[in-house]
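Participant: compute the structure for the input listed below.
(chains A and B)
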Amino acid sequence: SQKIEQNSEALNIQEGKTATLTCNYTNYSPAYLQWYRQDPGRGPVFLLLIRENEKEKRKERLKVTFDTTLKQSLFHITASQPADSATYLCALDLTGGGNKLTFGTGTQLKVEL
Amino acid sequence: DGGITQSPKYLFRKEGQNVTLSCEQNLNHDAMYWYRQDPGQGLRLIYYSQIVNDFQKGDIAEGYSVSREKKESFPLTVTSAQKNPTAFYLCASSVNRGNTEAFFGQGTRLTVV
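Facilitator: So this is what the prediction gives:
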């Protein structure tokens, strides 16, 4: 069956380092992939969208890559700060119809001083 | 301010009772979604609607019902047939295309007592 996998173990890094989170998917080749941030008790907030014909996308300290051969997206936060601590979710449409957005389980990031 | 509003934030229900969660958006979005999130889990799609008067089942629709009589509103009813309804419920909306982000409400935490 089609699924999205994110590392369920929390990622702890030191302030100022680069955090790298992974999103893997199986079977389907989506046209785009999205990344969201979720803080405890709140709804997810959209961060970045990358299309299948884009290898890399940047927004301020955030960078996303999309390797359709490996079926993997990497999400990087450079010069990480304690305020970046949150759960990060990847999402994509596994059906091809464009609107059935399916989310991974998310990876919790903790940036320590 | 444009946005998506869920109410109430906290809801308690007795076993055997139906309860309806409200979701309203003023973003003029055609597509709306309901997700369920359990502790430490990702988001699971319950129902989604791409246009008024039409909706489709997601991955875990059993025990839930929805309606889409107005573009702005997509209420979710948790019926007594839902065996484990205690969870965090998230509503989202998006432009009805596959390459745009979803905007989420702040969620409703439902507890069965």
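Participant: show me what from chain A comes close to chain B.
Facilitator: For chain A, the residues in contact with chain B (CB under 8 Å from any CB of the partner chain) are A:6, A:31-32, A:34, A:41-46, A:49, A:51, A:89, A:91, A:93, A:97-106. To be clear about C-beta, it is placed using only N, CA and C from the backbone, and glycine gets the same treatment.
Participant: give me that answer again for 10 Å
Facilitator: A:4, A:6, A:8, A:30-32, A:34-36, A:38, A:41-49, A:51, A:87, A:89-93, A:95-106, A:108 (CB under 10 Å from any CB of the partner chain).
Participant: test my guess that A:C90 contacts A:L33.
Facilitator: Yes. Judged on CB atoms under 10 Å, A:C90 makes contact with A:L33 at a distance of 6.2 Å.
Participant: what do the two both touch?
Facilitator: When CB atoms under 10 Å, 6 or more residues apart in numbering or on different chains defines a contact, the residues bordering A:C90 and A:L33 alike are A:I4, A:C23, A:Y25, A:L48, A:V64, A:Q72, A:S73, A:F75.
Participant: tell me the bridge partners for the fourth one.
Facilitator: A:L48 has the following beta-bridge partners by DSSP bridges: A:W35.
Participant: re the thing from before, sitting in strands, which of the shared contacts of A:C90 and A:L33 do you find?
Facilitator: Using DSSP state E, the subset of these located in strands is A:I4, A:C23, A:Y25, A:L48, A:V64, A:Q72, A:S73, A:F75.
Participant: hang on, the earlier thing: neighbour count for A:C90 and A:L33, which is higher?
Facilitator: A:C90 (30 against 26; other CB atoms under 10 Å in any protein chain shown).
Participant: ok, the nearest residue to the more buried one once chain neighbours are set aside - contacts?
Facilitator: Computed as CB to CB, 6 or more residues apart in numbering or on different chains, the closest residue to A:C90 that is not its neighbour in sequence is A:C23, at 3.5 Å. Contact analysis of A:C23 by CB under 10 Å, 6+ apart lists A:4-7, A:33-35, A:64, A:66, A:71-75, A:88-92, A:104, A:106-107.
Participant: ok, now B:P39?
Facilitator: B:T86, B:A87, B:F88.
Participant: so it versus chain A, what's the distance?
Facilitator: Distance from B:P39 to chain A, counting by CB to the nearest CB, to the nearest Å: 11 Å.
Participant: picking that back up, which of the shared contacts of A:C90 and A:L33 lies closest to chain B?
Facilitator: Set against chain B, the nearest of those by CB to the nearest CB is A:I4 (8.0 Å).
Participant: on the strand side of things, show who that closest one bridges to.
Facilitator: A:Y25.
Participant: all strands for chain A, in order.
Facilitator: Under DSSP E, chain A gives strands at A:4-6, A:11-14, A:19-25, A:32-38, A:45-51, A:56-59, A:62-67, A:72-77, A:86-93, A:101-103, A:107-112.
Participant: which one, of those strands, ends up nearest to B:K14?
Facilitator: strand A:32-38 (29.6 Å; CB to CB).
Participant: now do the same contact list for the spatially most central residue of chain B.
Facilitator: Nearest residue to the geometric centre of chain B (CA atoms, centre = their mean): B:W34, 2.9 Å. Contact analysis of B:W34 by CB under 10 Å, 6+ apart lists B:6, B:21, B:23, B:43-49, B:55, B:58, B:60-61, B:64, B:66, B:74-76, B:89-92.
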